[in-house]
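>>> Kindly return the folded structure for what I paste below:
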Amino acid sequence: MDVPMDVPVDVPVDVPVDVPVDVPVDVPVDVPVDVPVDVPVDVPMDVPMDVPMDIPMDVPVDVPVDVPVDVPVDIPIDVPVDIPVDVPVDVPVDVPVDVPPVCPAGQTRCGTTCFDLATNVNHCGACDTACSFPNAVAGCAARACVIASCNPGRGNCDGTASNGCETDTSTSNAHCGACGTSCGSDRLCSAGACRLPRDCRELHTLNPSLPSGEYMVDLDGAGAGAATTVRCDMTTDGGGWTLVFDSGTSNFNQAGVPWTRADVAAALVTPGLATTTLVAFRDASFALLPSLFRVSFAIPAGWRTAAPLAVSSVDVPVMVSFDGGGPLLRTLRHGYGGFLDNCAGAWGVGGNFGRFCITPSPAPFYTAFGVGAADRCVTSDVSWNALGTAGECGASRRFTLYIR
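Predicted coordinates for the structure are as follows:
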C-alpha cells in the first residue's frame with residue numbers, strides 16, 4: 001500500500017483494507033464485512049501532518065457516505081418526530097366552556113336567558129309559553145295569561161279571556177262605548193255613542209220587535225239637525241217604512257201638492273237613501289185597509305227633485321209588486337192635469353184635476369186633489385166617482401206613501 005511519507009506514523013496499521021479510509025477510526029461502524037473492496041476512498045491526500053486522523057474531514061458524522069442503500073446503518077438519520085418536548089402534562093389549558101348562567105331568585109333559565117315566569121308575557125308559567133288574545137294586548141300575572149287591555153273600540157264584555165275582547169263597543173247597542181252601557185230599544189250605537197236612528201228602517205233593524213207607530217228619529221244622522229217624530233210601519237212587507245205623504249182628513253185644492261213630510265223627503269228621498277215606496281190606503285190608525293191592494297215599486301228618479309203630486313202629467317213605467325207578490329210592468333201616472341174619468345184615460349182633458357194611479361191594475365187611485373171637489377180614494381180600475389161619497393178620502397180612508 002502506497003502511503004505518502006507525510007502521513008502521521010500513528011495511524012494504526014491494523015486497519016482492515018476493506019474499510020473506507022475517510023471514516024474516523026474511532027467511530028464504531030457496524031458495516032458488514034462483505035462490503036465491496038472497490039468502495040471509493042475519499043480521503044484527501046494533503047491532510048496536514050498535525051491534524052489527528054480521528055477527526056472527520058468535512059463530512060458530517062451522521063450521514064453515511066457512499067454506503068450502498070441495502071446496507072443497514074445504526075446511525076440516526078435526523079428524522080423529525082412530532083412529539084411535544086418538555087411540556088408538563090399537568091399544565092392547565094384555557095379552553096372556553098359554555099357554563100349556563102346562574103339565575104337570580106324568582107327567575108328561571110329558558111335557553112341561555114333568565115326570565116320571571118310569573119310576569120313575562122313570552123314565558124308565562126313555563127318557558128316558551130307566550131300569551132295572546134284576539135283584539136287585545138296580552139299580559140302575564142301570577143304565572144297565568146291575562147288580558148292587559150283591549151284594542152280601541154273593543155271590550156271583553158263577557159269576562160272570558162279565551163275569546164279576547166269579543167265585543168265591538170263602537171256599534172254594540174248593549175255595550176256602546178264601554179261594556180254595560182246600553183242604548184235601549186230606541187237608540188242606535190254609532191262610533192261608540194248612543195244616537196237616534198235616522199229613519200224607521202234603522203230603527204227596525206235595531207229592534208225588529210217594535211210595533212208600528214210614532215218614533216223619534218234624527219233624519220240627518222250625525223248632523224246638526226234636531227230630532228223629530230215620524231210614523232213607522234214596522235210590519236208590512238218586512239217593515240221599516242217611514243211615512244212621507246198622507247192625504248189626511250181634509251181635501252187639497254191646488255195645482256201642485258207637495259210632500260206632507262218635506263223634511264223626511266229631503267233627508268231620505270232627495271239624496272237617494274230611500275229606494276222603495278209603499279202605496280196604500282189606511283184607516284184612522286194608519287193600519288192597512290185589508291180589502292184594498294197595496295203596491296210597492298222602486299222610487300222613480302223624478303221623485304228625487306219633486307214630489308209626485310207637485311208635477312204635471314207624468315207617465316213612467318214601473319215594476320210593481322201587488323200585496324207583496326212578484327213584480328209586474330205597469331204605467332204609473334201622477335201629477336196635476338186633466339184626464340178622462342179613470343186611470344186608463346190620457347192626460348190633457350179638462351183642468352188640473354190631478355191623479356196618482358197605476359194602469360192597468362186595481363192599485364190605489366188618489367184623485368181630485370187639484371180642484372175644490374172632495375178628494376177620492378178609489379182603485380185604478382174604476383172611475384174616480386164610481387163609489388160616490390163612499391169613495392171620498394177622510395180619516396178612515398187615507399192615501400199614504402211610505403218610503404224605505
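
>>> Would you mark the buried spots in the helix of greatest length in the chain?
Longest helix in the chain by number of residues (criterion: DSSP state H): helix 200-206. Across helix 200-206, burial judged by 16 or more other CB atoms under 10 Å covers C200, R201, E202, L203, H204, L206. For every residue, glycine as well, the C-beta is placed using N, CA and C.

>>> and if you look at stretch 278-295?
By 16+ other CB under 10 Å, the buried positions in stretch 278-295 come out as L278, V279, A280, F281, R282, F286, L288, L289, L292, F293, R294, V295.

>>> export those to CSV and tack on pLDDT, distance to F353 and secondary structure?
Converted to CSV, those look like this (pLDDT from 0 to 100; distance: CB to CB, whole Å; DSSP: H, G, I helix; E, B strand; the rest coil):
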residue, pLDDT, distance to F353, secondary structure
L278, 98, 25, strand
V279, 98, 19, strand
A280, 98, 22, strand
F281, 98, 19, strand
R282, 97, 23, strand
F286, 97, 27, coil
L288, 97, 27, strand
L289, 95, 23, coil
L292, 94, 21, coil
F293, 95, 22, coil
R294, 97, 24, coil
V295, 98, 22, strand
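
>>> Kindly indicate which of these lies nearest R376.
Checking the buried residues of stretch 278-295 against R376 by CB to CB gives F281 as the nearest, at 11.1 Å.

>>> partner residues bridging that closest one?
Note on F281: beta-bridge partners F399, judged by DSSP bridges.

>>> could you pull out the strands for the stretch 51-200 of the chain?
108-110, 113-115, 136-141, 144-150, 154-155, 167-168, 188-190, 193-195 (DSSP state E, counting those that start in this stretch).

>>> among these, which gets the worst mean confidence?
Lowest mean pLDDT within these: strand 188-190, a mean of 88.

>>> what sits against S209?
Counting by CB atoms under 8 Å, 6 or more residues apart in numbering, S209 touches no other residue.

>>> Next one, pLDDT for it please.
94.

>>> From L203, how far out is it?
Per CB to CB, to the nearest Å, S209 is found 11 Å from L203.

>>> cool, and C150?
Per CB to CB, C150 is found 29 Å from L203.

>>> and if you look at V244?
Distance, V244 to L203, by CB to CB: 16 Å.

>>> Surely V257 is in contact with A310?
Yes: under the criterion of CB atoms under 8 Å, V257 makes contact with A310 at 6.1 Å.

>>> neighbour-wise, which of those two wins?
Neighbour totals were compared for V257 and A310, and V257 leads with 22 against 16 (other CB atoms under 10 Å).

>>> contacting residues around the more buried one?
The neighbours of V257, taking CB under 8 Å, 6+ apart as the test, are A307, L309, A310, Y336, G354, F369, G370.

>>> Dump the host helix or strand of M216 to PDB, restricted to CA.
Using DSSP states H and E, M216 maps to strand 213-217. What follows is strand 213-217, C-alpha atoms only, in PDB (Å, rounded to 0.1, in the frame of the first residue of the first chain):
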ATOM      1  CA  GLY A 213    -146.300  53.700  15.500                       C
ATOM      2  CA  GLU A 214    -144.600  57.000  16.000                       C
ATOM      3  CA  TYR A 215    -140.900  57.200  17.000                       C
ATOM      4  CA  MET A 216    -138.200  59.800  17.500                       C
ATOM      5  CA  VAL A 217    -135.600  59.800  14.700                       C
END
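
>>> residues making contact with it?
186, 196-200, 202-203, 227-232, 234, 242.
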